[in-house]
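Colleague: Just a sequence and a predicted model for now, questions to come.
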Amino acid sequence: CSVTPYKSFVYLEDQAGVKNPVDIEVLPGPLALGPKDGQPAVAFPSVTINGKAQSVVGVFNAATVQDFRGGTLGWDVTATRTPFLNQTTGHSMAKAQIGIHPSCTVTNPDSPSTCTAGTPGAISETPLKVASQAAGGDELTGGEFAVGGAGMIQLPPFMFADTYQTVVTFSIA
């Protein structure tokens with residue numbers, strides 16, 4: 001193969017010899033949601049009963065979404081919760097609500113797609129979409145993302161003074 005200085009391209013001539021095609025199989029990776037068990041931590045401050053409905057604000061620490069499937073599929077992250085309950089005393093707060101103002105950000109700049117935060121809303125036994133990645137049609141999707149958001153608990157004006165727990169579970173499909 002020879003290239004002269006004034007040519008803007010190179011002519012490649014077929015070389016004699018044995019041709020060896022090189023194939024590589026690229027296997028799909030997982031679609032994963034972390035941290036462990038898909039339950040991001042959130043902490044809310046204490047509240048003192050005062051005869052008025054109160055709101056308490058906290059932040060859901062980001063869950064990590066890793067989509068290494070190597071295809072065009074999308075995904076949805078949803079949140080559900082258990083009732084507010086103290087398992088020792090049996091006290092519950094049936095009228096208390098917990099809500100989220102979701103966020104979703106790309107954490108790996110090489111991710112081929114973006115994600116969309118869900119609509120703010122109350123987390124209940126019915127799954128609430130908190131983030132999603134649209135299917136790509138003919139385009140590659142996937143990447144690494146952080147899902148979380150601001151949380152708020154709305155408390156009734158009167159309840160038993162106690163420590164209550166609800167378990168918020170983030171799931172991906």
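Modeller: Perfect, thanks for sending it. Computed from a predicted structure; not experimentally measured.

Colleague: From the centroid of this structure, which residue is nearest?
Modeller: Nearest to the geometric centre of the chain sits V147, at 3.7 Å (C-alpha atoms, centre = their mean).

Colleague: For it, give me its contacts.
Modeller: V147 sits next to 33, 40, 62-65, 77, 102-104, 115, 130-131, 170 when contact means C-beta atoms under 8 Å, 6 or more residues apart in numbering. Heads up, the C-betas are built off the backbone N, CA and C, glycines and all.

Colleague: switch the cut-off to 10 Å
Modeller: 33, 40, 60, 62-65, 77, 79, 102-105, 115, 117-118, 130-132, 170, 172 (C-beta atoms under 10 Å, 6 or more residues apart in numbering).

Colleague: where's it, which helix or strand?
Modeller: Assigned by DSSP states H and E, V147 belongs to strand 143-155.

Colleague: Whichever helix or strand comes after that strand: which residues count as buried?
Modeller: Where DSSP H and E defines the elements, the next helix or strand beyond strand 143-155 is strand 168-172. Within strand 168-172, the residues that count as buried by 16 or more other C-beta atoms under 10 Å are 168, 170, 172.

Colleague: again with stretch 86-105
Modeller: 92-93, 96-104.

Colleague: between those, which is closest to M152?
Modeller: Within the buried residues of stretch 86-105, the smallest distance to M152 is 5.0 Å, found for G99 (C-beta to C-beta).

Colleague: Inside strands: which ones of the buried residues of stretch 86-105?
Modeller: Among the buried residues of stretch 86-105, the members falling in strands are 97-104 (criterion: DSSP state E).

Colleague: Dump the residues you listed into TSV; add pLDDT and distance to D138 as well.
Modeller: Formatted as TSV, those follow (pLDDT from 0 to 100; distance: C-beta to C-beta, whole Å):
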residue	pLDDT	distance to D138
Q97	95	42
I98	95	40
G99	95	37
I100	96	33
H101	97	34
P102	97	28
S103	96	29
C104	96	23
